[in-house]
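> pasting the sequence and the predicted coordinates here, then a few questions.
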Amino acid sequence: MKQMKIKLNTLIVLVALMVTGLTTNAQRFNVESIKMDLEDPSLTDADRDFDQLLKWAEETKNHPKTSNDPKMWYYRGLVYLKVANLNNEITKANPDAIKIALKSFNNAIETDAKNKVKKMAKGNLLNVAIGLYNSGYNAYQNEDFGAAYDDFSMALPLMKYDTDGLLKQSNLTADVLEQMMAFSAMNNSEDGKAMKAFEGMINKGSIDPMVYANLANLHLKGGDTTKALEVVKDGREMNETDKTLTNLKLNIYMSQGRSQELISELDEAIAGDPGNVVYYFARANSFEAMGELDKAASDYDKILEIDPSYYDAAYNKGVMYLNKVSNVVDELDGVYKPSIIAEKEAEIMGYYKLAIVQFENVFENNDDMPIEEKVELGGTMKKIYARLEKMDKYQDMKAFVEQNQ
């Protein structure tokens, strides 16, 4: 599947401050050592010994006296959050640092019955959300869509902590994450996950027509036309003039052969956009399917009036007249009365004359027509010229076909 293009900022920088400095009761030495190192204002991250900090973080996690202490979890989260954002060899050696930070801060919140580090842990989960978005975005750009989906989905629950709108100011919201989850899943051929993400956005009040269009297309891909139409209907109720949803509904009707309903929808679409030749073309095809050839011809004429270079309309109109010839021939089957045959022959010749006018327009003026299609059209025109006894044009067309076959 072709990769989706997402209109988003490439990466988002940290916006939430790492809050430290809370006075706590004495803990084991290594927890205090981590705390003192991270809070030392004279040190930058470039000066800190992260190998030692990581060693302490693992020791305190494994020691029975600090293995489930909220302060240990909090400072462990800070260490791994910083490691995830160093963008150096230490970061490469710890590819799961941002996920370890996520788990650590969540554990700090869950175990902090006395609310000593809970607020700070929640604040730093916003930085974790940014880190997960960035890693997900990089995975998406590298077409690792499964990893991208996982990172975006882990960031999504953290949006509840953005009570001050810090992430929203950087255009990182739940809608953005769910949209990225959906596109990641679609690109990874996981349509069920993509549908769930789009449905989540709709349930939360999204009115974006592309959300409805993408969800409807996924239902169509799965063969559920009824559900696709329901989604399109819901989307159009909120986006009455959106052409994407209008065209999607028309395409569904067209694929189902629901000509009468399609014509009604096209009447409405043409009223709102009278210069749209695509709508006229679709309606002309629908009229043809219903046998209303005069109405079809009228729509083809309207198309060529709006855009004389819309050669598909001229070609279809010519084919429509040839189909009329076939109908007349079928009606003559078994008829031997000379007067009737003569009358029908005059009618056939009239249709040939109408058809050749359309085909000549296409043949002479459509410079973009592929040569193989032009040769096929030339073969049809050659037969019509012979039938009309226009032998000079017959010979010219015969030569063209032979030279280009």
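All right, it came through fine. Numbers count the residues shown, from 1 in each chain.
> same for the helix or strand hosting residue 176, what does it pack against?
In this assignment (DSSP states H and E), residue 176 forms part of helix 174-187. Counting by 3 or more Cβ pairs under 8 Å, 6 or more residues apart in numbering; DSSP states H and E, the packing neighbours recorded for helix 174-187 are helix 118-141, helix 145-155, helix 191-203, helix 209-221. Any C-beta I mention is one placed from the backbone N, CA and C, and that applies to glycine too.
> can we see that at 7 Å?
Judged by 3 or more Cβ pairs under 7 Å, 6 or more residues apart in numbering; DSSP states H and E, the packing partners of helix 174-187 are helix 118-141, helix 145-155, helix 191-203.
> relative to helix 191-203, how tilted is it?
Relative orientation of helix 174-187 versus helix 191-203 (axes from the mean of the first three to the mean of the last three Cα atoms, to 10 degrees): 160 degrees.
> so how far is helix 174-187 from its chain's centroid?
How far helix 174-187 lies from its chain's middle: 10 Å, per Cα atoms, centre = their mean, to the nearest Å.
> tell me how far residue 293 lies from residue 359.
Residue 293 sits 17 Å away from residue 359, taking Cβ to Cβ, to the nearest Å as the criterion.
> neighbour count: these two, which is higher?
Just comparing residue 293 and residue 359: by other Cβ atoms under 10 Å the higher neighbour count belongs to residue 359, 21 against 17.
> check whether the more buried one sits in a helix, strand or coil.
Put simply, residue 359 is helix when judged by DSSP: H, G, I helix; E, B strand; the rest coil.
> returning to what we had before: so for residue 338, which of the helices and strands packed on helix 174-187 sits nearest?
helix 191-203 (64.7 Å; Cβ to Cβ).
> CA atoms only for the closest one - export them in CSV, please.
Coordinates of each C-alpha in helix 191-203 appear next as CSV, following Å, rounded to 0.1, in the frame of the first residue of the first chain:
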residue,chain,number,x,y,z
ASP,A,191,-7.2,-3.0,8.7
GLY,A,192,-8.9,-4.0,12.0
LYS,A,193,-6.6,-1.8,14.1
ALA,A,194,-7.0,1.0,11.6
MET,A,195,-10.8,0.9,11.8
LYS,A,196,-10.7,0.8,15.6
ALA,A,197,-8.5,4.0,15.6
PHE,A,198,-10.8,5.8,13.2
GLU,A,199,-13.9,4.7,15.1
GLY,A,200,-12.2,6.0,18.3
MET,A,201,-11.8,9.4,16.7
ILE,A,202,-15.4,9.5,15.5
ASN,A,203,-16.7,8.4,18.9
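> quick one: that helix to helix 145-155, angle?
Helix 191-203 and helix 145-155 are oriented at 30 degrees to each other (the same axes, to 10 degrees).
> residues touching residue 367, list them.
By Cβ atoms under 7 Å, 6 or more residues apart in numbering, the contact list for residue 367 is empty.
> helix, strand or coil for it?
coil.
> please shift the residue numbers so they start at 699 in all later answers.
Okay, using 699 as the starting number, the last item reads as residue 1065.
> per-residue pLDDT, it?
In this model, residue 1065 is scored at 92, pLDDT.
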